[in-house]
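**Student:** sharing a model that was predicted from the sequence below.
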Amino acid sequence: MRHLVLRLAAAARTAVIAFAAAGALAGAAAAQADDFPNKPIRFVTPYPPGGSHSLHAGIITTAAERHFGQPLISVIRDGGGGVVGTTEVAQSEPDGYTLLFGDPTINSLRPQVENLPFTTDSFVPVARINYAPAIFVVRSDGPFKTMDEMIAWAKEHPGELIYSSDNKNGWTYTVFELLKARTGANMRGVEFGGGGPAVSQLLGGNTMAYAGDISVVGEHIQSGSLIPLCVTDHQSMEALPDVPACPDIGYDVVFQFWRGVLAPAGTPKEIVAKLSDSFEKLMADEGFQRLIRTINSTIAFADHEEFARLWAKEIEDMKLIAQQTAK
Amino acid sequence: MVGAAARIDRIDLVTGLAVTSVGVAIILLLPAEVGGETIAAVGNMTSPAFFAALSGIALVLLGVALAGRSLIRRQACTTFEVDQPLRVLAASGVLVAGVAGTFVVGLLPSAAAIVILLGLVFGYRRYWLLVLIGAVCPIVVYVLFERMLLVLLPRGWF
Amino acid sequence: MVENILSAFALLLDPIVFVAAIGGLVAGIMVGALPGLTATMAVAVLSPFTFFMDTMVGLPFLLGTYKGAIYGGSIPAILINTPGTAAAAATAADGNAMARAGKARLALQISLVASIIADLLATLVLIAVAAPLAAIAIRFGAPEFALLYVIALTLIAAVSGEDTIKGLIAATIGIAISLIGLDPMSGYQRFTFGSVQLVAGISLVPLLIGMFAISEIIVNAEESISGRRKGDAIDPNQGPRLTLARLKRLMPTILRSTGIGTGLGSLPGLGAEISCWISWGVAKRRSKNPEQFGRGSEEGVAAAEAGNNAVCPAALIPMLVFGIPGDTVTAVLLGAFMAQGLMPGPLLFTRDPVILYALFAFLLVSNVLLLMLGFAAIRYLQRIIQIPNGLLYPVVTVFCFAGAYAVNNNIYDIVVMMAGGIAGYVMRKISMPIPPLIIGLLLAPGLERSLRQSLVMSNGSLDIFVTRPGALTLVVLFAGFIAFLVWRTVRPYTQSTVTGETTS
């Protein structure tokens, strides 16, 4: 009998300690979330400075302190086409103090087709800032002015249509691969590494087509040197209402380039939610909105749950795309 | 200070041999490090290993030429001369320790150590000034980089 | 149009613009003068702060920082043989040699005046012929770039010093180092040995800081007590000064280097770090005293400084006309322009002419400001020289550490810097020249990239290099240049045969 009492007491003591520990941990997590953030947050852009990605990052970090309580510090860690910075965030402490400013190529597509040091599971989505489709463009003095004409020309001259591309498995690359897969046209892409060189080669007459972001091609469309063919979205863009969506004219090429914030996997849910809320407030900030408009960009916010849904779906879509464009 | 000068005559021979071995190493490493290509890549300009193979071959040829030239030409060859080898080693040692320190304890404490130790290596006598600068320098760096430029400096493992 | 120019000047006369300009120039000079901190880093880091500033405050500040930094890098290059920025690397050899010979003031003044003249002329080119020049530059396709890179690489022969074999070895090592990393065109990883850090390759700036600055520090540790006191050799207040006569003699070099810098700067992808070497190399080729180059040649300093400062305005040409950045700095400036609502590109000139003219006027005026600030800086520099080695070099070292890290927020870059430092020291001791390594490192990636792009465009055939008019011109020029070189080398032998003598 005494034995039993002692055993019960021991068990009870263990239980109490276990509960206390659990409570303490939960409390610590909550406490962590409670006074988060208490030091500056690193906002990592994995691409070289000067591109539209780092430009957005600069705008976000400049306007953010008021809504986060701590400054957001823009850290540019480029290299390997985005791999180095992304890997670093994936391997950093999941305490919410290191965030990645990512996009679909580095986060959804490439981890599935390349052997990278991280996977799609290495991150949890925090917030989506915006998204934009690619715009297929050609020179206004070229031999074709619509998508139909371009594909027809490509079929008549197989292997002769040369287009500007960015990087292997990059955005422009994938969009063209999809187009080629859908139409069977034989076109060759030259990788120039980024939007700037790609557009300049197109303008200079060295290539015949390109597909990119409005921030890179918008001015030239407006001035008339480039003609837009279609946008890779389900509907037309607000900024270019006359340009049809590719599916609407018979080319099922849809690839939205989003910009979003991700945290390393394992970051506590409360912290993710807190960050998501702060970003939402930032989107409503007047100064922030004004700057975004000034650089001709848009805001299309999605909080962490919505973003998680969209991203999961996209990963599935990317699997299909990867299979279709696999070389 | 102590330390006689260190000399190696006809260092070109050593350099030539070293360069040749680097070239050979590059060629041998080609298959492993450039995804399966071999030295045959030199014939294919679009291969990612083209310039690597070219460099390897060039280094072998140039290294042999250098070594050969140093054997043939007896006179007027380069001499490797270090006047104060201990000092040089000490300075390099402080620097390398500084690098290690940046990883382990962060940049700012290592900066203080570098200032003080390197100053001693340079033979600076006013120790109090050295310590003072050693304390002030990291503060200046901190203010400039972290506060003004918003660049977060390495913090170390703790 | 006239009232546009007048309103532009009105915008410029606001005192706060001058405050911003001077602030930017001073900040830039200080950043440039600190080895370890680079112009690119300063502009990249300061740019977001300008987003919320007024246009005529933020942009002058940023542009002033850029100009100031490119100039400022030459100051430590001359005084302590440690270039403050990558673009001043070519100034260090001649500049420091002059300084040790008691001609520090002259070197500093040449550097300042050459930089200003080059900047002014390049700005005038920017204002006057931006559009037509850009139209030509835009037609430069991959084949033309590939040939340009090849031509630039042959200049290695000019910068190798006496020993061609060692120069070629250094260049090849530079090329090999540039290959390390992920090759974006093919997706292959090259020589990364499984390390994530090497996937990004070897960063240029930390390596440069190491090879020039850290190696200099180690060299100086050696010389510190062995009798050579820096203080009495280098005094910027003594020694010959720049006279008009001297300046007139240097003008051809300055003009030529300005031309080179402007041309290269307006091509996307080639920046001040390359242009300084090419200007220097060409000047050495064309000089009557080529053996002086690297040993204290005034032409060398003038050429290097003119070459690198001409790039600043020239790089703005493709940026403003097409919205296409040439290098990192212009990419960051582009972002800053966009954040101010100025959309560089074909519509910029018609949409915002007043602001644009104001900025052009600012670019011209800032040179005057820089000239004044430069002379003031030279006057006060004697304080720096009087700092004893034992204090100066350790502090410089600390800034090198911080700067190498700050370039890419990468702690491993400090390791790169250290490796570069030891390598640089060894190379100096075995008389292997460092400039060819830098040139190989800078040019090889561009050459490989444009070569592969050209071959993709031509489907693997080499005749794309002769069927395109631009490429063909460059090939002809290049062949002519090589033929000329060969003839010059062979000529002494043919002449002596004619006269019946033999030379050994």
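**Tutor:** Sure thing, it's come through.

**Student:** ramachandran angles for whichever residue of the stretch 51-200 of chain A sits closest to chain C?
**Tutor:** Closest residue of the stretch 51-200 of chain A to chain C, CB to the nearest CB: A:Gly79 (2.7 Å). C-beta coordinates here come from the backbone N, C-alpha and C atoms, glycine included. Main-chain dihedrals, A:Gly79, degrees, to the nearest 10: phi 140, psi 140.

**Student:** in which helix or strand does residue 67 reside?
**Tutor:** No chain was given, so I picked chain A. Assigned by DSSP states H and E, A:His67 belongs to helix A:52-68.

**Student:** you answered for a different chain; I wanted chain C.
**Tutor:** Using DSSP H and E, the element containing C:Lys67 is helix C:55-72.

**Student:** for the helix or strand following that helix, name the packing helices and strands.
**Tutor:** Next helix or strand after helix C:55-72 toward the C-terminus (DSSP H and E): helix C:74-80. Judged by 3 or more CB pairs under 8 Å, 6 or more residues apart in numbering or on different chains; DSSP states H and E, helix C:74-80 is in contact with helix C:15-33, helix C:89-98, helix C:104-138, helix C:298-309, helix C:389-408.

**Student:** what's near enough to touch the residue nearest the centre of chain A?
**Tutor:** By CA atoms, centre = their mean, chain A has its centre lying nearest to A:Asp103, at 1.5 Å. By CB atoms under 8 Å, 6 or more residues apart in numbering or on different chains, the residues touching A:Asp103 are A:53, A:171, A:257-260.

**Student:** rerun that using 7 Å as the cut-off
**Tutor:** Contacts for A:Asp103 (CB atoms under 7 Å, 6 or more residues apart in numbering or on different chains) come out as A:257-259.

**Student:** where's it relative to A:Trp171, distance?
**Tutor:** Applying CB to CB, to the nearest Å, the value for A:Asp103 to A:Trp171 is 8 Å.

**Student:** for chain C, give me the ranges with low pLDDT.
**Tutor:** Residues of chain C that meet the criterion pLDDT under 70 lie in C:1-5, C:157-158, C:161-162, C:184, C:187, C:224-238, C:326, C:382-383, C:488-489, C:492-504.

**Student:** where does it get nearest to chain B, which residue?
**Tutor:** Relative to chain B, the nearest point of chain C is C:Gly390 (2.6 Å; CB to the nearest CB).

**Student:** list the contacts of that residue.
**Tutor:** C:Gly390 touches B:119, B:122-124, counting by CB under 7 Å, 6+ apart.

**Student:** quick check: closest non-adjacent residue to it.
**Tutor:** B:Tyr124 (2.6 Å; CB to CB, 6 or more residues apart in numbering or on different chains).

**Student:** please identify the helix or strand for the one you found.
**Tutor:** For B:Tyr124, there is no host helix or strand (DSSP H and E).

**Student:** so for the closest residue to chain C within chain B, what's the pLDDT?
**Tutor:** Chain C sits closest to B:Tyr124 of chain B, with a gap of 2.6 Å, by CB to the nearest CB. On pLDDT, B:Tyr124 comes in at 80.

**Student:** show me where the stretch 101-250 of chain A has its strands.
**Tutor:** Per DSSP state E, counting those that start in this stretch, the stretch 101-250 of chain A carries strands over the ranges A:123-133, A:135-139, A:161-165, A:187-191, A:209-212, A:226-231.

**Student:** oh, I was asking about chain C
**Tutor:** Ranges of strands in chain C, per DSSP state E, are C:181-182, C:189-190.

**Student:** show me the domain layout of chain B.
**Tutor:** Per the record, chain B has its domains at B:6-81, B:85-148, by automatic domain parsing.

**Student:** let's have those domains in CSV, adding mean neighbour count.
**Tutor:** Formatted as CSV, the domains of chain B follow (neighbours: other CB atoms under 10 Å in any protein chain shown):
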stretch, mean neighbour count
domain B:6-81, 17
domain B:85-148, 18
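
**Student:** just give me the lowest mean pLDDT stretch among these.
**Tutor:** Among these, domain B:6-81 has the lowest mean pLDDT, at a mean of 79.

**Student:** ok, it near chain C or not?
**Tutor:** Yes: with CB under 7 Å from any CB of the partner chain as the criterion, chain C is reached by domain B:6-81 at B:11, B:15, B:19, B:26, B:33-35, B:45-46, B:48, B:51-52, B:55, B:58-59, B:62, B:65-66, B:69, B:78, B:80.

**Student:** name the residues of the stretch 151-300 of chain C found near chain B, please.
**Tutor:** Close to chain B, as judged by CB under 7 Å from any CB, the stretch 151-300 of chain C has residues C:165, C:168-169, C:172, C:175-176, C:179, C:183, C:186, C:188, C:190-191, C:193, C:214, C:217-218, C:221-222, C:224-226.

**Student:** what sits against the residue nearest in space to the middle of chain B?
**Tutor:** Geometric centre of chain B, nearest residue: B:Ser92, 9.5 Å, by CA atoms, centre = their mean. B:Ser92 sits next to C:218, C:422 when contact means CB under 7 Å, 6+ apart.

**Student:** give me the element it is part of.
**Tutor:** B:Ser92 belongs to helix B:85-104, assigned by DSSP H and E.

**Student:** tell me the first helix or strand C-terminal of that helix.
**Tutor:** helix B:107-121.

**Student:** what about that following helix, near chain C?
**Tutor:** Yes: Helix B:107-121 reaches chain C (CB under 7 Å from any CB) through B:107, B:111, B:114-115, B:118-119, B:121.

**Student:** please name the nearest non-neighbouring residue to C:Gln453.
**Tutor:** Nearest residue to C:Gln453, sequence neighbours excluded (CB to CB, 6+ apart): C:Ala142, at 3.7 Å.

**Student:** domain parsing for chain C?
**Tutor:** C:2-138+C:205-408, C:468-504.

**Student:** show me which residues of the stretch 1-150 of chain C sit near chain B.
**Tutor:** C:Val45.

**Student:** my guess is the residue of the stretch 51-200 of chain A closest to chain C contacts C:Ala200. True?
**Tutor:** Yes: counting by CB atoms under 7 Å, C:Ala200 is a contact partner of A:Gly79 at 2.7 Å.

**Student:** out of the helices and strands packed on helix C:74-80, deepest packed?
**Tutor:** Among the helices and strands packed on helix C:74-80, ranked by average contacts under mean count of other CB atoms under 10 Å in any protein chain shown, first place goes to helix C:298-309 (a mean of 34).

**Student:** quick one: that helix to helix C:104-138, angle?
**Tutor:** Computed with axes from the mean of the first three to the mean of the last three CA atoms, to 10 degrees, the direction of helix C:298-309 lies at 40 degrees from that of helix C:104-138.

**Student:** export helix C:298-309 as CSV, just CAs?
**Tutor:** Below are the C-alpha coordinates for helix C:298-309, written out as CSV (Å, rounded to 0.1, in the frame of the first residue of the first chain):
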residue,chain,number,x,y,z
GLU,C,298,52.8,60.9,-64.2
GLU,C,299,51.0,59.7,-67.4
GLY,C,300,50.1,56.5,-65.6
VAL,C,301,48.4,58.3,-62.8
ALA,C,302,46.6,60.7,-65.2
ALA,C,303,45.5,57.9,-67.4
ALA,C,304,44.2,55.7,-64.6
GLU,C,305,42.3,58.5,-62.9
ALA,C,306,40.9,59.9,-66.1
GLY,C,307,39.8,56.5,-67.2
ASN,C,308,37.9,55.6,-64.1
ASN,C,309,36.2,59.0,-63.5
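
**Student:** low pLDDT regions in chain A?
**Tutor:** Scanning chain A residue by residue, the ranges that satisfy pLDDT under 70 are A:1-34, A:50, A:325-327.

**Student:** all helices of it, in order?
**Tutor:** Taking DSSP state H, the helices of chain A run over residues A:2-34, A:52-68, A:83-90, A:104, A:110-113, A:147-156, A:171-183, A:195-203, A:214-223, A:269-284, A:286-294, A:304-325.
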